[in-house]
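>>> here is my input; please provide its structure:
(2 chains)
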There are 2 protein chains.
Amino acid sequence: MIPKDHPRYESLMLRARIVDAYKKGILADSGMIAHGRGEAFDYLIGEKTTEPARKAERAGAAALLLAENPVISVNGNTTALAAEWVVKLAEALGAKVEINLFYRTASRVEKVGEALKAAGAKVVLGVENEEKGIIEGLEGPRARASLEGVCSADVVLVPLEDGDRAEALVANGKTVVTVDLNPLSRTATTSTVTIVDNVVRALPNLIQEVMELKNCSENELKGILEDFSNDKNLEESLEIVSRAYTGDV
Amino acid sequence: MIPKDHPRYESLMLRARIVDAYKKGILADSGMIAHGRGEAFDYLIGEKTTEPARKAERAGAAALLLAENPVISVNGNTTALAAEWVVKLAEALGAKVEINLFYRTASRVEKVGEALKAAGAKVVLGVENEEKGIIEGLEGPRARASLEGVCSADVVLVPLEDGDRAEALVANGKTVVTVDLNPLSRTATTSTVTIVDNVVRALPNLIQEVMELKNCSENELKGILEDFSNDKNLEESLEIVSRAYTGDV
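Numbering: from 1, shown residues only, chains lettered A, B, ... in the order given. Predicted coordinates:
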């Protein structure tokens, strides 16, 4: 048990969830290591939602509300950390939820699906007994996506996504909203809207923004998205990290 | 198998060693996550030995050569990544090797000991059937250290050490040389000489410096150590990271 007054309580609780998910077979080995990378980058932004992250969350919510077929593509880490928020966001948006694993095995797909259902998901795409679609420009199991889901989506939310896949989704004409704590990653720099925030803060914030924006007109939503520059926003995040490093905060 | 021409070959090979060590019981769960944090910080310094790191390696080698009873204190991650270098450095210095684990269990101590012996270590301290010494200022199993080793050492090399232990070692009057990729960590800021480098580069570099400096007089070695400022060196490392972030490199 981690005592509630431990200065790193939140971070240690998330770590415990990751270890638990790994032991249950939801995560590949690399998922545990990826979590450590996330811890380091989160530490550098002060483990809180920064101002540029909040702006990206607003723009991401606008993009998702403008979608005709919005899809939330989840992996093991997102499921381990934030399955409940994935389900709530999907409900708020009327979006589909699809499983896409970097190291795909039938057993992990099944376990991630079970975890999403336990969190309240009614339908989960990207499962084994489903007709396969292909994302052009990718090879092998990583090219796989659901025909009803990512393949036909106009806007996809892909938290903690691999760089190759994010690039291919953009190249296939999708609007890509991602959550990535490393503002220098290929996923961060190629996506349409990159939220540099911990997924456990980003998803609840996205839900809040969706609630606030859902009565906006299409033109108002388009305006929010047009006013958002992903490059500029990433630069603002980088500046926060570099200030943390030079002691200016 | 990781193809040799993969752009992240080195990093992926180290990750494979960590996963392997975890599966063998050498590492605790947190060791795998800690490796991910290390990957992120290494990425930020460009995955190479920086100029300030090289200076710290020289100062660290001088400190170790000046020691009457130098001890290298190793944990699971250091053993998994660099057991061979630990053994070679210990030989070059005539230093003792001691196991100190943050989450100490008899089984992990045994497995780390076996890995060190497989890498060529003749004597390993800090094992189970040994009279226990105590580091003042620490509690529980983390206070434990070897009487012949860390307890009576004047200079200790503690790569990848926890902040509480590093602080306590300094408070007990030891000269503490550490290897830590996060220049802002408590271990980094409290140690005597902090090498901000990946342990797989830092240990071979330390051996090279020891070879180069081993014929120096005591006064020459003291001069190198006196010319070294850990605070200034950490600031130089921080600047490199913040330049990486603002795109100035």
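>>> residues from chain A in reach of chain B?
A:15, A:18-19, A:22, A:29-30, A:32-41, A:182, A:184, A:238-239, A:241-242, A:244-247 (CB under 8 Å from any CB of the partner chain). In this view, the C-beta of every residue, glycine as well, is placed from N, C-alpha and C.
>>> now, which of those lie within helices?
A:15, A:18-19, A:22, A:29-30, A:32-41, A:238-239, A:241-242, A:244-246 (DSSP state H).
>>> thinking again about what came up before, of the residues of chain A next to chain B, buried ones?
Burial by neighbour count, judged by 16 or more other CB atoms under 10 Å in any protein chain shown, picks out A:15, A:18-19, A:22, A:29-30, A:32-41, A:182, A:184, A:238-239, A:241-242, A:244-246 from the residues of chain A next to chain B.
>>> spit out the contact partners of the residue nearest to residue A:76 when sequence neighbours are not counted.
Of all residues not flanking residue A:76 in the chain, residue A:27 sits nearest, at 4.3 Å (CB to CB, 6 or more residues apart in numbering or on different chains). Residues near residue A:27 by CB atoms under 8 Å, 6 or more residues apart in numbering or on different chains: A:18, A:21, A:76, A:77, A:80, A:108.
>>> confirm residue A:27 sits in a helix?
No. Residue A:27 is assigned coil when assessed by DSSP: H, G, I helix; E, B strand; the rest coil, not a helix.
>>> phi first, then psi, for it.
Main-chain dihedrals, residue A:27, degrees, to the nearest 10: phi -110, psi 140.
>>> gap between it and residue A:33?
10 Å (CB to CB, to the nearest Å).
>>> got it, and residue A:116?
Residue A:116 is 23 Å from residue A:33, where distance means CB to CB.
>>> strands along chain A, start to end?
For chain A, the strands defined by DSSP state E occupy A:70-74, A:96-99, A:132-134, A:144-146, A:155-159, A:175-179, A:193-195.
>>> mean neighbour count for those - can I get that in JSON lines?
Output for those, formatted as JSON lines (neighbours: other CB atoms under 10 Å in any protein chain shown):
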{"stretch": "strand A:70-74", "mean neighbour count": "28"}
{"stretch": "strand A:96-99", "mean neighbour count": "25"}
{"stretch": "strand A:132-134", "mean neighbour count": "14"}
{"stretch": "strand A:144-146", "mean neighbour count": "23"}
{"stretch": "strand A:155-159", "mean neighbour count": "28"}
{"stretch": "strand A:175-179", "mean neighbour count": "27"}
{"stretch": "strand A:193-195", "mean neighbour count": "29"}
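>>> distance to residue A:225 and mean pLDDT for the ones you listed - can I get that in a markdown table?
Shown next, in a markdown table, are the strands of chain A (distance: least, CB to CB, whole Å; pLDDT from 0 to 100):
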| stretch | distance to residue A:225 | mean pLDDT |
| --- | --- | --- |
| strand A:70-74 | 14 | 98 |
| strand A:96-99 | 21 | 98 |
| strand A:132-134 | 26 | 90 |
| strand A:144-146 | 24 | 93 |
| strand A:155-159 | 10 | 98 |
| strand A:175-179 | 9 | 98 |
| strand A:193-195 | 8 | 98 |
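>>> residue A:102 against residue A:163, yeah?
No. Between residue A:102 and residue A:163 there is no contact under CB atoms under 8 Å: 10.7 Å.
>>> so between those two, which is more surrounded?
Neighbour count, other CB atoms under 10 Å in any protein chain shown: between residue A:102 and residue A:163, residue A:102 has more, with 18 against 15.
>>> ok, for that one, nearest residue in space, not its chain neighbours?
Nearest non-adjacent residue to residue A:102 (CB to CB, 6+ apart): residue A:162, at 5.3 Å.
>>> from residue A:162, how far off is residue A:147?
Distance, residue A:147 to residue A:162, by CB to CB: 21 Å.
>>> wait, I meant residue A:227
Per CB to CB, residue A:227 is found 29 Å from residue A:162.
>>> same thing with residue A:116?
Here residue A:116 is placed at a distance of 20 Å from residue A:162 (CB to CB).
>>> quick one, which of those two is more surrounded?
Taking other CB under 10 Å, residue A:116 and residue A:162 do not tie; residue A:116 has more neighbours (24 against 18).
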